[in-house]
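Visitor: one predicted model, sequence on top.
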Amino acid sequence: MTRPSIPVWLDCDPGHDDATAILLAGHTPGLELLGVSTIGGNQTLAKVTKNALDVLDAVGLSHIDVVAGQPRPLMRPPLLCPEIHGDTGLDGPGGGRLLPRSPRSPLPGKAITVISRAIEAAYEQLQRERTGQQQQQQQRGGEGGGGEGSWRSSSSSSSSSPSGERVRLVCTGALTNAALLLTVYPELSEMVEVVIMGGCMGVGNTGPVVEFNIQTDPEAAKIVFESGVPLTMVPLEVTHTVLATPQVLAAIGGIGGMGATAATAAAAGAVGIAAEAAAAAGPASAALSTAAPPPPSSSPVAPAAGTAAAAASPFRHTIQQLLLFFAETYKRVFRFEHPPLHDPVAVAYVIRPDLFECRRMRVDVETCSSLSYGQTVCDVWGQSAAPPNVNVVLQVDVEGVWRLLLEAVARADAGSPLNRAGTGAAAGADGAGAAAVASAGAAAVQEQQRQQAVVVSSGPVGAAALLLEGCRLCDGGRDGGGGGGGGSSRAE
């Protein structure tokens, strides 16, 4: 029996890692990307909305609509992040716009109205497909259950609709749009399951205990967390293990004529090296993590062969260039040797929840304290009288996530308009043109090769190694890569 596609609406603030989340959501069989809404964060609402259109067109998804969301948080001024994502929000090496401009415009109207209509239509379709499946099973003498082959998330809920019959709302930016959606259309809480990239269990990246997406609009996050909707949180502790090493960048580029299979194998090898190094650091502890981001490491490993070579296609080259800019800013701001790709991890959870280890717990959002404004307070040990309300991801199979993303890159590469003559990224880029972009990219890869270090990141690795490394980093005068001050933001 063919399972129905999982309908997904993506609410994001593109953003380099948001771009890869769009690519993954739109090029994974079994997922139906209903549309994309935007929220200011990594850059202004106007810029991230244009970026969403540009990304969709570049990855061959020009049929997917974009609608602009709220221009500002509910109760505070906007918080932006040019130090990570550049002036455009999707800068390439050397700065400036890399992707060609889309000729399209966002849909008119209020985002929450557009989203609600899309969710309702998709939910009705899910019910029809579910009914059809049950009728087929009854005709075959089955008992009508989904069985092992049914598609449902690992999160649980007391709501009437099982998660397998729900539309997924994936949020990789501030939760302003989601909060308004669930407030104005409370009936949607029976139709959707929300998956967010945001929050942290311990050390933050905007402040000592605060993560950027939640701090951008804590009041909105509080509304979503207390709405009763099935909610999964993919925190910093998890996304900080999904690092784009030079080997991964080589695989994304299809270096040396790699096809999808070879590229995936290359990335798997890179993750395997990281896993061995992390395992050598000490045994994994319990699956709970309140760790700081992995700090710079000094243990060298062999660089990926041929990483500075030309990518296999203009599309792959473009994705590489975007991630190289992201790598340089993360290194400068956070001292990460390799950048974490936060946002596609939330999409990966929808695709393969079996790759993730989770625990349901009570999570509340702090909206009063000046010391921890925007903190996601996680009651790991159930000490609160309040019932659990969030499915918190604790660990991820990093290799599995990279496999999903590399397969999606290969599918996008097959149909990207960037691979047609005269429509490549350089043709639409600002700045000095194709030669400068290519030169900057090669230099950045070579610099990464020269300074490459073992990453403490792997699915099986528990909290112990990360926590020890995080404490060492804090002792050195850092707050885990966050510590934003004076209006500065450190974002995903």
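Guide: That came through fine.
Visitor: what about the strands in the stretch 1-150 of the chain?
Guide: 6-12, 31-38, 66-68 (DSSP state E, counting those that start in this stretch).
Visitor: show me what the shortest one is packed up against.
Guide: In other words, strand 66-68. strand 31-38, helix 45-58, helix 111-139 (3 or more C-beta pairs under 8 Å, 6 or more residues apart in numbering; DSSP states H and E). No exception for glycine: its C-beta is placed from N, CA and C like everyone else's.
Visitor: want to throw those into CSV with mean neighbour count, mean pLDDT and distance to Asn419?
Guide: Below are those laid out as CSV (neighbours: other C-beta atoms under 10 Å; pLDDT from 0 to 100; distance: least, C-beta to C-beta, whole Å):
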stretch, mean neighbour count, mean pLDDT, distance to Asn419
strand 31-38, 24, 98, 21
helix 45-58, 25, 98, 10
helix 111-139, 16, 90, 30
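Visitor: right, and the ones you listed - which one's nearest Gly96?
Guide: Ranking these by proximity to Gly96 (C-beta to C-beta) places helix 45-58 first, at 12.8 Å.
Visitor: what's that closest one in contact with?
Guide: 12-15, 18-19, 22-23, 26, 36, 38-43, 62, 64, 66, 68-71, 88-90, 99-102, 104-106, 173, 315, 318, 416-418, 425 (C-beta atoms under 8 Å, 6 or more residues apart in numbering).
Visitor: what's the angle from that helix to strand 31-38?
Guide: 150 degrees (axes from the mean of the first three to the mean of the last three C-alpha atoms, to 10 degrees).
Visitor: put the alpha carbons of helix 45-58 into PDB.
Guide: The C-alpha trace of helix 45-58 is given here as PDB (Å, rounded to 0.1, in the frame of the first residue of the first chain):
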ATOM      1  CA  LEU A  45      11.200  40.500   6.500                       C
ATOM      2  CA  ALA A  46      11.600  42.000   3.100                       C
ATOM      3  CA  LYS A  47      15.000  40.400   2.500                       C
ATOM      4  CA  VAL A  48      14.200  36.900   3.800                       C
ATOM      5  CA  THR A  49      11.000  36.900   1.800                       C
ATOM      6  CA  LYS A  50      13.000  37.600  -1.400                       C
ATOM      7  CA  ASN A  51      15.500  35.000  -0.300                       C
ATOM      8  CA  ALA A  52      12.800  32.400   0.000                       C
ATOM      9  CA  LEU A  53      11.600  33.100  -3.500                       C
ATOM     10  CA  ASP A  54      15.200  33.000  -4.800                       C
ATOM     11  CA  VAL A  55      16.000  29.700  -3.100                       C
ATOM     12  CA  LEU A  56      12.800  28.000  -4.300                       C
ATOM     13  CA  ASP A  57      13.500  29.100  -7.900                       C
ATOM     14  CA  ALA A  58      17.200  28.000  -7.700                       C
END
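Visitor: on that earlier part again, quick one: closest of the helices and strands packed on strand 66-68 to Arg403.
Guide: strand 31-38 (15.3 Å).
Visitor: now for that closest one, which elements pack on it?
Guide: strand 6-12, helix 16-26, helix 45-58, strand 66-68, helix 111-139.
Visitor: adjacent strands (with direction) for that strand?
Guide: As defined by DSSP bridges, the strand partners of strand 31-38 come to strand 6-12 (parallel), strand 66-68 (parallel).
Visitor: mind listing residues that contact it?
Guide: Contacts of strand 31-38 (C-beta under 8 Å, 6+ apart): 5-14, 22, 25-26, 45, 48-49, 52, 56, 61, 64-69, 106, 111, 114-115, 118-119, 122, 167, 173, 177, 350-351.
Visitor: then stretch 102-111?
Guide: For stretch 102-111, contacts defined as C-beta under 8 Å, 6+ apart pick out 37-38, 49-50, 53-54, 56-57, 62, 65-70, 114, 177.
Visitor: may I see the helices and strands packed on strand 66-68 arranged in CSV, with distance to Gly202 as well?
Guide: What follows is the helices and strands packed on strand 66-68, written out as CSV (distance: least, C-beta to C-beta, whole Å):
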stretch, distance to Gly202
strand 31-38, 29
helix 45-58, 28
helix 111-139, 32
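Visitor: which one of those lies nearest to Trp402?
Guide: strand 31-38 (17.4 Å).
Visitor: tilt between the helix or strand containing Val350 and strand 31-38?
Guide: Secondary structure assigned from DSSP states H and E places Val350 in helix 343-351. Computed with the same axes, to 10 degrees, the direction of helix 343-351 lies at 140 degrees from that of strand 31-38.
Visitor: let's test this: mean pLDDT of helix 343-351, rounded?
Guide: Confidence for helix 343-351, expressed as mean pLDDT, is 99.
Visitor: what comes up buried for whichever helix or strand comes after that helix?
Guide: Sequence-wise, the next helix or strand downstream of helix 343-351 (DSSP H and E) is strand 356-365. Residues of strand 356-365 classed as buried by neighbour count (16 or more other C-beta atoms under 10 Å): 356-358, 360-365.
Visitor: buried residues of stretch 380-396, list them for me.
Guide: 380, 389-396.
Visitor: what is the end-to-end distance of it?
Guide: Stretch 380-396 stretches 18 Å from its first residue to its last (C-alpha to C-alpha, to the nearest Å).
Visitor: correct me, but Met197 touches Val234?
Guide: Yes. Met197 lies in contact with Val234 (C-beta atoms under 8 Å); the separation is 4.9 Å.
Visitor: please enumerate the shared neighbours of these two.
Guide: In contact with both Met197 and Val234: 342, 345-346, using C-beta under 8 Å, 6+ apart.
Visitor: so which of those residues is the closest to Leu406?
Guide: Val345 (14.3 Å).
Visitor: ok, that closest one - contacts?
Guide: 197, 234, 238-239, 242, 396, 401.
Visitor: tell me which of those fall in strands.
Guide: Assigned to strands by DSSP state E, the following of the contacts of Val345 qualify: 197, 234, 396.
Visitor: what would the residues you listed look like in JSON lines with distance to Ser372?
Guide: JSON lines is the format used below for the ones in strands among the contacts of Val345 (distance: C-beta to C-beta, whole Å):
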{"residue": "Met197", "distance to Ser372": "20"}
{"residue": "Val234", "distance to Ser372": "20"}
{"residue": "Val396", "distance to Ser372": "26"}
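Visitor: let me know the closest of the residues you listed to Thr131.
Guide: Out of the ones in strands among the contacts of Val345, the member with the shortest distance to Thr131 (by C-beta to C-beta) is Val234, at 32.0 Å.
Visitor: any idea how many residues pack against that closest one?
Guide: For Val234, the count of nearby residues is 28 (other C-beta atoms under 10 Å).
Visitor: roughly how far does Arg101 sit from Leu53?
Guide: 8 Å (C-beta to C-beta, to the nearest Å).
Visitor: for Pro73, same thing?
Guide: Pro73 is 23 Å from Leu53, where distance means C-beta to C-beta.
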